[in-house]
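**Student:** Please work out how this folds:
(chains A and B)
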Amino acid sequence: MGEVIVITSGKGGVGKTTTTANIGTGLALEGKSVVLLDADIGLRNLDVVMGLENRIVYDLVDVVDGICRMKQALIKDKRYPNLYLMPAAQTKDKNAVNPEQMLKLTKELAEEYDYILVDCPAGIEQGFKNAIVGANRSIVVTTPEVSAVRDADRIIGLLEANGLRNPQLIINRVKIDMVKRGDMMNIDDMVDILAIDLLGVIPDDEYIVVSTNRGEPAISDSKSLAGQAYKNIVKRILGENVPFMNLDSDEGFMSKLAKVFGFRKK
Amino acid sequence: MKDNAIVFKGTKEGLYIVLKEEMIFDDIIHELENKIKPSKRFFEGAKIVNFKGKNLTPGEYEELVDILQNQYGMQFLGDYDSLCRSTALSKEESKGQLIPEPVKQSLGNEETALFIKGTIRSGQLIKANGNIVVLGDVNPGAYLEATGSIIVMGNMRGTGHSGTQGDYNTYIAAFRLEPMQLRIGDIINRPPDGKQYKSKVPEMAVVRKGMIIVEPYLGKK
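**Tutor:** Numbering: from 1, shown residues only, chains lettered A, B, ... in the order given. Below you'll find the predicted structure:
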């Protein structure tokens, strides 16, 4: 029985889709069978970020409506073994599916694949409810901004109210030099406020924009800093113990940097 | 009391039948009979463009069209999709989800084309019983589905599906054909991966030997 992980944030534009694409690709590179499920019906992006947009024939709504079989809607990514995408419909909206249908779909997928990553839409309405219903694990993505943290807090409350205990936190787009100068929200403060386990910190990386536009997840590029950070997150999801960062102000910059990317302290 | 329940309204495109919104379906059929029966000869052969007013389900729509055509000998030019669009238009305007208003043009009975002026954007689905002509661009994530052919007088970057009922003789043509995906009948194809080839001339996609191929439609100059 596979694991269904929902990736959510509340606020839009913090990097849910990029995170889903990278973690999914990372898990596939580690030899797991992975389905990326785009729950953002009407504003789908995961297919674009994965560079698979032009292969879409059937989508999630077709599957729940019984127009096609589940396997027909799964797009195999030729670049990675065992990585599949189930795209959302673009011409419909969130009300095209209901939570019962999503629950059935994720259950079916979980029987055959190791990991089902659900890319949740922004907001807390129908789309959010659809995305979380089948999940047994959740990841909350936020950025070091007050508004994003506020929304993440709200989302964590909603996740816990819906029986998803222990969500894990990814802090995206951290500018290391700004944190060092004290101009950006401190990681420890954020973890303090949100009071959930930190799964990883992704440094702000221009390469993400390039890779997103190209449709190639950054994790597949060894030069990308963010890609490295995603690799560590994947290892943590798989249960490996990769050390966490600890931004003590008396530490040197290089050691902070090393910790951000989860290198072991020598 | 039900005097204005059904009104025949003439416009420059032709006759519309305006149905009162609060009427139930059975009343509509009854009222139609009352209205048309006394002057059946007058209505015979009349060209009805479409219904207006009340929202009809596809089943109700079919039934009404059937009655008009077979019992009263009228000609019905519209289709259900354009009814939805024209009634949904006023409601969708407020949502900012406006699909450019189609200009219905009849070219005899079997060759109809849906003319659309403007950009078709991501998430918009244009379906037509007949051909589709777009005077504008079709963006990625937009869908055109026609039982006939598709012509885009602009950039075709979305997904086009011609011959949705299995007609392989239909085609998809555009000034700039850079689609996400093309479908003709039940054949699906997509542009090759890697470097994007940009044609300087207008092109059309047709079916040859069971494959969709793209070629310029103008002779060599």
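**Student:** Any residue of whichever helix or strand residue A:85 is part of touching chain B?
**Tutor:** Counting by DSSP states H and E, the element that carries residue A:85 is strand A:83-86. No: using CB under 8 Å from any CB of the partner chain, we find that strand A:83-86 stays clear of chain B, coming within 14.9 Å at best. C-beta here means a position set from N, CA and C on the backbone, and glycine is covered the same way.
**Student:** Next one: whichever residue of the stretch 101-250 of chain A sits closest to chain B, what pLDDT does it get?
**Tutor:** In the stretch 101-250 of chain A, the residue that lies nearest chain B is residue A:215 (9.8 Å; CB to the nearest CB). Listed pLDDT for residue A:215 reads 92.
**Student:** do the same with residue A:262
**Tutor:** pLDDT, residue A:262: 63.
**Student:** Same question for residue B:1.
**Tutor:** On the pLDDT scale, residue B:1 gets 45.
**Student:** same check, this time on residue B:95
**Tutor:** The model's pLDDT for residue B:95 equals 47.
**Student:** Tell me where the stretch 101-250 of chain A has strands.
**Tutor:** Using DSSP state E, counting those that start in this stretch, the strands of the stretch 101-250 of chain A run over A:115-119, A:137-142, A:168-174, A:197-203.
**Student:** What strands flank the third one, and is each parallel or antiparallel?
**Tutor:** Using DSSP bridges, the strands paired with strand A:168-174 in its sheet are strand A:137-142 (parallel), strand A:197-203 (parallel).
**Student:** Would you mind listing where chain B has pLDDT under the threshold?
**Tutor:** Within chain B, the segments meeting pLDDT under 70 span B:1-4, B:12-13, B:82-110, B:195, B:219-221.
**Student:** which parts of it sit against chain A?
**Tutor:** Contact residues (CB under 8 Å from any CB) of chain B with chain A: B:122, B:123, B:124, B:125, B:140, B:141, B:143, B:180, B:181, B:188, B:190, B:191.
**Student:** The first one: neighbouring residues, count only.
**Tutor:** Neighbourhood size, residue B:122 [other CB atoms under 10 Å in any protein chain shown]: 17.
**Student:** Surely it is in contact with residue B:137?
**Tutor:** No: counting by CB atoms under 8 Å, residue B:122 stays clear of residue B:137, with 11.6 Å between them.
**Student:** Identify the residue spatially nearest to residue A:197, adjacent ones excluded.
**Tutor:** In space, and not counting its chain neighbours, residue A:197 is closest to residue A:168: 5.0 Å by CB to CB, 6 or more residues apart in numbering or on different chains.
**Student:** Could you report the separation of the one you found from residue A:14?
**Tutor:** Between residue A:168 and residue A:14 the computed distance is 15 Å (CB to CB, to the nearest Å).
**Student:** domains for chain B, by residue range?
**Tutor:** Domain ranges of chain B: B:3-106, B:113-216, per automatic domain parsing.
**Student:** which of these sits most buried?
**Tutor:** domain B:113-216 (a mean of 19; mean count of other CB atoms under 10 Å in any protein chain shown).
**Student:** all helices of chain A, in order?
**Tutor:** A:16-29, A:46-49, A:60-64, A:70-73, A:99-112, A:126-132, A:146-161, A:176-181, A:187-194, A:206-214, A:225-237, A:253-260 (DSSP state H).
**Student:** scratch that, chain B is what I was asking about
**Tutor:** B:25-36, B:40-43, B:58-66, B:80-95.
**Student:** Enumerate every residue touching the residue nearest the centre of chain B.
**Tutor:** The residue lying closest to the centre of chain B (CA atoms, centre = their mean) is residue B:128, at 2.9 Å. Residues near residue B:128 by CB atoms under 8 Å, 6 or more residues apart in numbering or on different chains: B:79, B:81, B:112, B:113, B:114, B:145, B:146, B:147, B:148.
**Student:** Restricted to strands, list these.
**Tutor:** Of those, the ones assigned to strands by DSSP state E are B:112, B:113, B:114, B:145, B:146.
**Student:** ok, so of the residues you listed, who is nearest residue A:206?
**Tutor:** residue B:145 (39.6 Å; CB to CB).
**Student:** Check whether that closest one really touches residue B:130, as I assumed.
**Tutor:** No: using CB under 8 Å, residue B:145 makes no contact with residue B:130, being 11.3 Å away.
**Student:** what's around residue A:70, how many residues?
**Tutor:** Residue A:70, neighbours per other CB under 10 Å, totals 17.
**Student:** repeat for residue A:99
**Tutor:** By other CB under 10 Å, neighbour count at residue A:99 equals 14.
**Student:** Which residues are in contact with residue A:105?
**Tutor:** So residue A:105 contacts A:37, A:60, A:63, A:64, A:70, A:134 (CB under 8 Å, 6+ apart).
**Student:** if we go to 7 Å?
**Tutor:** Counting by CB atoms under 7 Å, 6 or more residues apart in numbering or on different chains, residue A:105 touches A:63, A:64.
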